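Novice: Return a 3D structure for these sequence lines:
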Amino acid sequence: MDKVTISKEKMNYTIDLLVTMVTDEIAEETGKDRKEILTDFLCSKTGKALYDEKTKLWCNGPAYIAELYREELKKSGYQI
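Specialist: Sure, this is the predicted structure:
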């Protein structure tokens with residue numbers, strides 16, 4: 001079976017879409033501003049891992065990624 005390669009452009013689009021979906025979900029859940037959540041998410045370990053192609057985190061759905069982010073925040077003591 002051939003290894004499937006995804007262009008960098010498609011990869012970035014997919015990750016950006018996941019980030020949007022995750023931050024929208026958390027914004028709806030918490031009532032917080034999407035821009036604030038986006039900034040916090042992108043600076044988080046989860047956000048950084050999502051942009052690291054080696055982690056393959058982008059292969060997961062937004063609900064899974066949002067849950068990982070919630071767990072990261074809980075461990076750090078930050079309330080969302």
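Novice: which of the residues in stretch 44-56 are buried?
Specialist: Of the residues in stretch 44-56, those scored as buried under the neighbour-count criterion (16 or more other C-beta atoms under 10 Å) are S44, T46, G47, A49, L50. In short, each C-beta sits where N, CA and C put it, glycine included.
Novice: Please read the previous query as pertaining to stretch 26-41.
Specialist: By neighbour count with 16+ other C-beta under 10 Å, stretch 26-41 contains the buried residues I26, A27, I37, L38, D40, F41.
Novice: In CSV: those, plus distance to M11, secondary structure and pLDDT.
Specialist: CSV is the format used below for the buried residues of stretch 26-41 (distance: C-beta to C-beta, whole Å; DSSP: H, G, I helix; E, B strand; the rest coil; pLDDT from 0 to 100):
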residue, distance to M11, secondary structure, pLDDT
I26, 23, helix, 96
A27, 24, helix, 96
I37, 23, helix, 96
L38, 19, helix, 96
D40, 23, helix, 95
F41, 18, helix, 97
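Novice: Now render these as JSON lines, adding distance to T55.
Specialist: JSON lines is the format used below for those (distance: C-beta to C-beta, whole Å):
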{"residue": "I26", "distance to T55": "20"}
{"residue": "A27", "distance to T55": "24"}
{"residue": "I37", "distance to T55": "21"}
{"residue": "L38", "distance to T55": "20"}
{"residue": "D40", "distance to T55": "19"}
{"residue": "F41", "distance to T55": "15"}
